[in-house]
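1. the following block contains a protein sequence and its predicted model.
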Amino acid sequence: PNGPALRAIGTTAAEFERDLVSNLYFERGTTMESASAQDVYQSLAVTVRDRLVDRRARTATAHQAANPRCVYYLSAEYMLGRQLRQNLQYTGTEEVARDVLKGLGVSLDEIADFDVEPSLGNGGLGRLAACLLDALATADIPAVGYGIRYDLGLFRQAIVDGAQVERPDDWAFDGSPWEFPQQDDRQAVGFYGRVEVEAGRRRWIPEETVLGEPSHMLVPGYGTQTVNIVRLWRARADSDAFNLADFAAGRSAEAVQEVLRSENISKVLYPADSTEFGRELRLKQQYFLVSCSLWDIVRRFHLRNSDWTVFADKTVIQLNDTHPALAVPELMRLLVDEYELDWDTAWSITRRTFAYTCHTLLPEALETWPVALFERLLPRHLEIVYAINQTHLDEVESRFPGDGDLRRRLSLIQEEPERRIRMAHLAVVGSHAVNGVAELHSRLLAETTLADFARLWPERFRNVTNGVSPRRFLRLANPRLAALISERLGGEGWLTDLDQLRGLAALAGDSEFQRRWRVVKRDNKLDLAAYVRAATGVVLDPDALCDVHVKRFHEYKRQLLKLLHVITLHDRLRADPGADVPRTVVFAGKAAPSYHAVKRIIQLINGVAKVVNADPAVAGRLTVVFLPDYNVTRAELIVPAADLSEQISLAGKEASGTGNMKLALNGAVTVGTLDGANIELRDRVGADNFFLFGVDAACAAEVRRGDYRPGEIAGSDPELAAALAAIADGRYGAGFGDVLDTLLGRDEYLTLADYRAYLDAQDAAAAAWRDPARWTAMSIRNTAHCGFFSADRTVADYRDRIWHADPVPVPPR
Ligand code: 26Q
């Protein structure tokens, strides 16, 4: 039992140093004397990683023995964040590593900066997946995350002449020490081809095959022995893909074309967080993920079981939005075509196995795929989708006879203007549970987007409000605040039981505690200021109110509303230096490369920042910065420094938001609308500790239905008119007429309608800031009442309401 792992589990300084130096020697072929910083980083990473391997081995053994119900999380995206500091903390080796490195003449902080985050996602959905995996492992729930190992993650954003420029994110360029390649488990995936009938059974004969090669990364739980895994698939050419005739005829370069085509499948993450439907390669990615993962899930099941009747008792597959919804027809294909179960049995197993999480309400973000494309790529799956649809519509007919309109609305196939497959309908029909990601979102899903389904199967619909990992977003990102909290609460129990933060509420008015709270915030702002200065040259005042709007760019998130506020503040401050408190406004976020309208807003922000920061009349009062390349690492820097959290989406558009939770947890006070999880956040921290403004979702829908005239609002509000005029006169750069036209034309996201209420909320926030004791009390209360937004609570809700999976404790060595 003490097998080979013995070498690398010691946590004393001597053992750690021996392994580090040994890894440097045998893995990098060098010694401390001649090692580069990159050599030291790679060896350190392997040394830390190895300390988790023994836990992983014991986890696998415990799971094999218990034969429990396993949670399989299928997601096209994961944003895991940097691994080094997390794994140092989870293995309790941070201090040892720091001391050992110091003894060897290097600083851990410098080495840790070589750690690269795998940015295998766009934003909230991918980061949620990572937080849930963290909480699953922490709860000792047997789980595997399945995803795609994109060679290129989400593009890196640079700002050139004020505009977003995208550069490739070759995240593994210098090596990828956290990955364990698993070449032996390669799996063939078919595409195209035809369906054949043999002895009355239908079988798919693909025309092309590609191999899926897994590698896994370790997902340790905090304060437990459990180490789960995330298994990421990479496409490799099948040697048959090589055009042998070309090759033999000396045309080796031409022969390689087929290889490249196959391997393109996992080449790059699509950088759009809605609407990229119709791209064949994207659909191929989805099927590639689904096919490899289901094969693996079935293989794992067969390691411990032999009878299909217990499959759904041992397996729950959570679909992270519709991106992996092809898993429904794929499981049917495996069960019916390959394992020869009858259709009804297969369908019952399938439905009991899947659960679906929806992350949007925007109709344009609901995935649909052209039937013609689907048929060419996955002919047998199309037949299965049709068969599922037939049974489904028969059920609708028997329950609501003669309602042709209802049948049309519930169908898996959209007929007009072109025949398309509705992936959300496929996911709902194939699952036993469907959930939204915040109370409001789940309610609106059942009342609007999926209303007909909610009427058909009300018992399937539920809510699971999102949460975030307190380990990553408090302990790792904000060690100063974590230390202060632990000191006051007498330990670190709050890290896995976040409701304990409530104990801070009693200290909200304590002046000595407030003073220490402010020191932490100020030190965090100094860290942010140092980074901002190096990255952009802009100098930040650590005593100014740090006002942050950081998230993906989308019109509905209304970065433009924040910018109108900035322009108005600038105007006011020129007339009266006391018109606002000293303020730093931080914008960060990426725009989908093809989303022209928001790329223009990024340009406008940079134009405004340039003018404001160069104006001596407001120096020391207002500073505006656009921090490029927002990602998990950058969030870990910005979030702990924030005083004011901008959560200003148009009500009814943001499914949940999770940045709102991260910021409140770190003591930022929110200015926000009644949208997504903001509502639940305000309920918990208290209306007095939250700056609410704007129309609610019902009102927004009503305004949109009526004849809304943004021009009239602009005409009757002089400050708003002045802000728009400033954009028009070219001082922030010529030619922003298009931005003005969207505001004064349709103003789809009611930016002008909410402008005045927003400014009033900001004035209220400024008034609170002028009274440091009042502000600090609000800040402390935000942290104190955030326990609900722990991903541990989210996972407990999924476990109780959907997964019904029991923990399997892993015994210590
Ligand atoms: C789909 C098909 C083709 C190409 C791209 C896509 C695609 C990719 C990513 C569609 C959507 C996404 C990402 C969506 C997302 O991040 N949604 C956010 O999910 C969070 C976690 O639940 C919520 O908090 C946010 O409100 C929601 O916007």
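-> Now that the structure is in, tell me what you want to look at. Computed from a predicted structure; not experimentally measured.
2. could I have the helix or strand bottoming out on mean pLDDT in the chain exported to PDB, CA atoms only?
-> Least confident helix or strand of the chain, by mean pLDDT, DSSP states H and E, is helix 244-248 with a mean of 82. Coordinates of each C-alpha in helix 244-248 appear next as PDB, following Å, rounded to 0.1, in the frame of the first residue of the first chain:
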ATOM      1  CA  LEU A 244      -1.500   6.900 -48.100                       C
ATOM      2  CA  ALA A 245      -1.600   7.300 -51.900                       C
ATOM      3  CA  ASP A 246      -0.400  10.800 -51.700                       C
ATOM      4  CA  PHE A 247       2.200   9.800 -49.200                       C
ATOM      5  CA  ALA A 248       3.600   6.900 -51.300                       C
END
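3. next helix or strand past that helix?
-> Following helix 244-248 in sequence order, the next helix or strand is helix 252-263 (DSSP states H and E).
4. would you mind listing the outside residues contacting that following helix?
-> Identification of contacts with helix 252-263 by CB atoms under 8 Å, 6 or more residues apart in numbering yields 208, 210-211, 235-238, 241-244, 246-247. Glycine gets a C-beta too; all of them are placed from N, C-alpha and C.
5. 7 Å instead, please
-> Helix 252-263 is contacted from outside by Val210, Ala235, Arg236, Ala237, Asp238, Ala241, Phe242, Asn243, Asp246, Phe247, using CB atoms under 7 Å, 6 or more residues apart in numbering.
6. tell me the helix or strand right after it.
-> In N-to-C order, the element after helix 252-263 by DSSP H and E is helix 280-304.
7. contacting residues around Leu101?
-> By CB under 7 Å, 6+ apart, the contact set of Leu101 is Ser107, Leu108, Ile111.
8. give me the subset of the residues you listed touching the ligand.
-> Filtering the contacts of Leu101 for proximity to the ligand by CB under 6 Å from any ligand atom leaves nothing.
9. show me which of those are buried.
-> Neighbour-count burial (16 or more other CB atoms under 10 Å) is assigned, among the contacts of Leu101, to Leu108, Ile111.
10. so which of the contacts of Leu101 sit within helices?
-> Leu108, Ile111 (DSSP state H).
11. could you name the helices and strands sitting against the least confident helix or strand of the chain?
-> Counting contacts by 3 or more CB pairs under 7 Å, 6 or more residues apart in numbering; DSSP states H and E, helix 244-248 packs against helix 252-263.
12. list the buried residues for the helix it packs on?
-> Ala255, Val256, Glu258, Val259, Ser262, Glu263.
13. could you give the angle of that helix to helix 280-304?
-> 70 degrees (axes from the mean of the first three to the mean of the last three CA atoms, to 10 degrees).
14. where does the stretch 251-400 of the chain come near the ligand, residue by residue?
-> Counting by CB under 6 Å from any ligand atom, the stretch 251-400 of the chain sits next to the ligand at Tyr270, Ala272, Asp273, Ser274, Glu276, Phe277, Arg282, His323, His359, Ala365, Glu367.
15. surely the third one touches Asn122?
-> It refers to Asp273. Yes: contact criterion CB atoms under 7 Å: Asp273 and Asn122 qualify, at 4.3 Å.
16. any residues in contact with both of these two?
-> Contacts common to Asp273 and Asn122, judged by CB under 7 Å, 6+ apart, are Arg552.
17. what packs against the biggest helix by length in the chain?
-> In the chain, with assignment by DSSP H, the single longest helix is helix 37-66. Contact partners of helix 37-66 among helices and strands, from 3+ CB pairs under 7 Å, 6+ apart: helix 13-28, helix 84-90, helix 108-112, strand 208-220, strand 227-237.
18. export the ones you listed as JSON lines, with columns for mean pLDDT.
-> Formatted as JSON lines, those follow (pLDDT from 0 to 100):
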{"stretch": "helix 13-28", "mean pLDDT": "96"}
{"stretch": "helix 84-90", "mean pLDDT": "98"}
{"stretch": "helix 108-112", "mean pLDDT": "98"}
{"stretch": "strand 208-220", "mean pLDDT": "97"}
{"stretch": "strand 227-237", "mean pLDDT": "98"}
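19. of these, which is nearest Asp729?
-> Closest of these to Asp729 is helix 108-112, at 46.9 Å (criterion: CB to CB).
20. now do that closest one: which elements does it pack against?
-> helix 37-66, helix 94-103.
21. neighbours of the closest residue to Glu555 other than its chain neighbours, how many?
-> Of all residues not flanking Glu555 in the chain, Tyr749 sits nearest, at 5.3 Å (CB to CB, 6 or more residues apart in numbering). Using other CB atoms under 10 Å, Tyr749 has 22 neighbouring residues.
22. and if you look at the one 4 residues further on?
-> When neighbours are counted by other CB under 10 Å, Ala753 registers 21.
23. report all helices and strands that the helix or strand harbouring it contacts.
-> Using DSSP H and E, Ala753 sits within helix 751-769. Packing contacts for helix 751-769, counted by 3+ CB pairs under 7 Å, 6+ apart, involve helix 559-575, strand 669-672, strand 690-692, helix 710-716, helix 772-784.
24. how about a cut-off of 8 Å?
-> strand 545-550, helix 559-575, strand 669-672, strand 690-692, helix 710-716, helix 718-728, helix 737-744, helix 772-784 (3 or more CB pairs under 8 Å, 6 or more residues apart in numbering; DSSP states H and E).
25. touching it from outside, list them.
-> Contacts for helix 751-769 (CB under 8 Å, 6+ apart): 545, 558, 560-561, 564-565, 568, 580-581, 583, 643-644, 648, 650, 669, 671, 673, 691-695, 703, 708, 710, 713-714, 717, 719-720, 743-744, 747, 774-775, 778.
26. quick one: mean pLDDT for it?
-> Averaged over helix 751-769, pLDDT sits at 98.
27. thanks again, I'm all set now.
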